[in-house]
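Undergrad: Quick one, structure for this:
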Amino acid sequence: MISARIKDVDMVFETVPSVFSPHSIDTGTLAMLSVVDFLPHDKVLDLGCGYGVVGILAGKLIGEENVIMCDVSEQAIECTNKNLNLNNVPNIRIRLSDGYKDIEETNFTLILSNPPYHADFSVPKHFIEVGFKKLILGGKLVMVTKRLDWYKNKLTSVFGGVKIYEINGYYVFVAEKRKKTMKEKEKTTNNISKKLQRKQQRYKVNRQK
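TA: Prediction:
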């Protein structure tokens, strides 16, 4: 059993050896939480929730109804279900899901994740690309890893920019879904122009018949 106090909230967590960081709260997760403010209007997705630290904290701060948690591990989901009850937030929604596969919602203001950075980049690639679509305008994807360059480049390419915090040997990335950049607007305009050109061409062909 782990006892923790984060953002002035006391919590307890039951774990098993097969889940991530079973003996203490992961330092990277704590680093990520140190730069996040949970606001009353937020709708939070704890993506890859493990035994539930991030989502349970969010639920206690902003309300159970504003949080969804998911993980691909059945053991993690079992632990989280126990920990929801231990921390008096039994109504947080939790789903067994491979990434966003079983997450239908698209109106999150915050998606938080501590991805498996020792594996290849296919998982964080999915987390970032689909996460952009799942956020509302102004919503933020927050990730923590020990790797810098790939995440910095990928988040910048998808979101148009990213803030990076280096904390206790970890990198915390905060990427906000903003209005289209000028480059994106130009691309859209060019696409529209091409469509108009094709329409005009078809119109000319039809006139000649």
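
Undergrad: Please identify the buried residues of stretch 15-23?
TA: 15, 19-22 (16 or more other CB atoms under 10 Å). From N, CA and C alone the C-beta is placed, and that goes for glycine too.

Undergrad: can I get the CA coordinates of it in CSV?
TA: Written as CSV, here are the backbone C-alpha positions of stretch 15-23 (Å, rounded to 0.1, in the frame of the first residue of the first chain):
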residue,chain,number,x,y,z
THR,A,15,-0.7,-2.1,-6.2
VAL,A,16,0.6,-5.4,-7.5
PRO,A,17,4.2,-6.2,-8.8
SER,A,18,3.0,-6.3,-12.5
VAL,A,19,2.0,-2.6,-12.7
PHE,A,20,4.3,0.3,-13.4
SER,A,21,6.1,1.7,-10.3
PRO,A,22,4.4,-0.6,-7.7
HIS,A,23,6.4,0.5,-4.7
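
Undergrad: Touching that stretch from outside, list them.
TA: If you take CB atoms under 8 Å, 6 or more residues apart in numbering as the criterion, stretch 15-23 is touched by 1-2, 26, 29, 50-51, 73, 75-76, 79, 114.

Undergrad: Could you list which of the residues you listed belong to strands?
TA: residue 2 (DSSP state E).

Undergrad: Show me which of the contacts of stretch 15-23 are buried.
TA: Buried among these (16+ other CB under 10 Å): 2, 26, 29, 50-51, 73, 76, 79, 114.

Undergrad: can you give me the helices in the chain?
TA: 27-34, 53-62, 74-86, 122-134, 149-159, 182-208 (DSSP state H).

Undergrad: For those helices, give me CSV that also has mean pLDDT.
TA: What follows is the helices of the chain, written out as CSV (pLDDT from 0 to 100):
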stretch, mean pLDDT
helix 27-34, 96
helix 53-62, 97
helix 74-86, 96
helix 122-134, 95
helix 149-159, 96
helix 182-208, 59
